[in-house]
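S.K.: Fold the following, please.
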Amino acid sequence: MNFASVRIITDNVEGLIAFYEHVLGVTAERPAPVFAEFVLPSCTLAIGHTQTTTLFGVDAENVAEAMNHPVILEFHVADIEAEYVRLKTYIHDWVQQPTTMPWGNRSMLFRDPDGNMVNFFQPITKEAIQRLNDRH
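M.R.: Numbers count the residues shown, from 1 in each chain. As a prediction, the model looks like this:
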């Protein structure tokens, strides 16, 4: 089994597409007006309008409940400091500027326009680099 994608459900499809195109540096694929995908080498980030959930048999009331559950989207980057410089004036909701974490990653966190947490990280210790390399 392979992990295929994460899908953000939103009423702000166009806003999130513009945000993630800028942040990820990838143009969204748009197979339908209510759906977009950012195809990355490791996974796909999908954006779907809340109305798409009815196709899965989920009513609007259950979507609102599910949207209250926290998630952090995490992206491994080659140079955390360069990413910070690139994004520091674009991001309006910083949670944490680049900080070295106890497990050996240098990490920065911010929120997308819907309030979802996004973490860019770079392993910097020998152990953290090895842990990431062991997964590939």
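
S.K.: Output the below-cut-off pLDDT ranges for this protein.
M.R.: Applying pLDDT under 70 to the chain flags residues 1, 58-70, 136.

S.K.: That one: helices as residue ranges?
M.R.: All helices of the chain, identified by DSSP state H, fall at 13-24, 60-66, 80-87, 126-134.

S.K.: Now mean neighbour count too, for those, in CSV please.
M.R.: C-beta here means a position set from N, CA and C on the backbone, and glycine is covered the same way. Output for the helices of the chain, formatted as CSV (neighbours: other CB atoms under 10 Å):
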stretch, mean neighbour count
helix 13-24, 17
helix 60-66, 11
helix 80-87, 15
helix 126-134, 12
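
S.K.: In a markdown table: those, plus distance to P31.
M.R.: Shown next, in a markdown table, are the helices of the chain (distance: least, CB to CB, whole Å):
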| stretch | distance to P31 |
| --- | --- |
| helix 13-24 | 13 |
| helix 60-66 | 21 |
| helix 80-87 | 27 |
| helix 126-134 | 31 |
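
S.K.: Relative to T44, which of the ones you listed is closest?
M.R.: When the helices of the chain are compared by CB to CB, helix 13-24 sits nearest T44, at 11.2 Å.

S.K.: From the contact counts, what lies against the closest one?
M.R.: strand 35-39, strand 44-49 (3 or more CB pairs under 8 Å, 6 or more residues apart in numbering; DSSP states H and E).

S.K.: so which of those strands gets nearest P113?
M.R.: strand 44-49 (11.1 Å).

S.K.: The closest residue to V23 other than its chain neighbours and M108, how far apart?
M.R.: Leaving out its chain neighbours, the residue that sits closest to V23 by CB to CB, 6 or more residues apart in numbering is L87, at 6.5 Å. Computed as CB to CB, to the nearest Å, the L87 to M108 distance reads 8 Å.

S.K.: what bridges to the residue positioned nearest the centre of the chain?
M.R.: Nearest to the mean C-alpha position of the chain, by CA atoms, centre = their mean, lies L73 at 3.8 Å. Counting by DSSP bridges, L73 forms beta bridges with V118.

S.K.: Skipping its backbone neighbours, what lies nearest V71 in space?
M.R.: N116 (6.5 Å).
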